[in-house]
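**Q** Have a look at this prediction, sequence included:
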Amino acid sequence: MSSSRIEYSEKYADEENEYRHVILPKELAKTLPKTRLLSENEWRSIGVQQSRGWQHYAIHRPEPHILLFRRPLGTDPQTGAVDVELKRMALEEYKGQFGLRG
């Protein structure tokens, strides 16, 4: 299956995590487990390409070809570890987008 047919959303966030969803071709999704989340090795092996730190966190049953991912704000995309300074900056950006201060 060509990974070029895999579509990636923009990232979106709340005060704890950043999120994105990945849309797989439906024929590829039919081959995946229906009752459990995928490990990083599993989703990488089917052609999903993302920086480090992303976790498949939920199954959207009406549309199982859409994989839902999250990672903590401030995750270093090269190491997958949370960096305190990156987290502070990401939280400030999130608050600024919604006019939140404090």
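**A** Structure's in. What do you need? Because the structure is a prediction, the values reported are computed rather than measured. Residues are numbered from 1 along each chain as shown.

**Q** and His56, what element?
**A** Assigned by DSSP states H and E, His56 belongs to strand 55-59.

**Q** Going by neighbour count, list what's buried in that strand.
**A** Gln55, His56, Ile59 (16 or more other Cβ atoms under 10 Å). Where you see a C-beta, it was placed from the backbone N, CA and C, and this is true even at glycine.

**Q** cool, stretch 80-98 as well?
**A** For stretch 80-98, burial by neighbour count (16+ other Cβ under 10 Å) applies to Leu86, Lys87, Ala90, Leu91, Tyr94.

**Q** for the residue most central in space within the chain, helix, strand, or coil?
**A** Here the mean C-alpha position of the chain is nearest to the C-alpha of Phe69 (Cα atoms, centre = their mean), at a distance of 2.8 Å. Going by DSSP: H, G, I helix; E, B strand; the rest coil, the secondary structure assigned to Phe69 is strand.

**Q** same thing with Gly96?
**A** The local conformation at Gly96, judged by three-state DSSP, is helix.

**Q** and what of Trp43?
**A** Under three-state DSSP, Trp43 falls in the helix class.

**Q** burial of it, as a residue count?
**A** The burial count assigned to Trp43 is 21, neighbours taken as other Cβ atoms under 10 Å.
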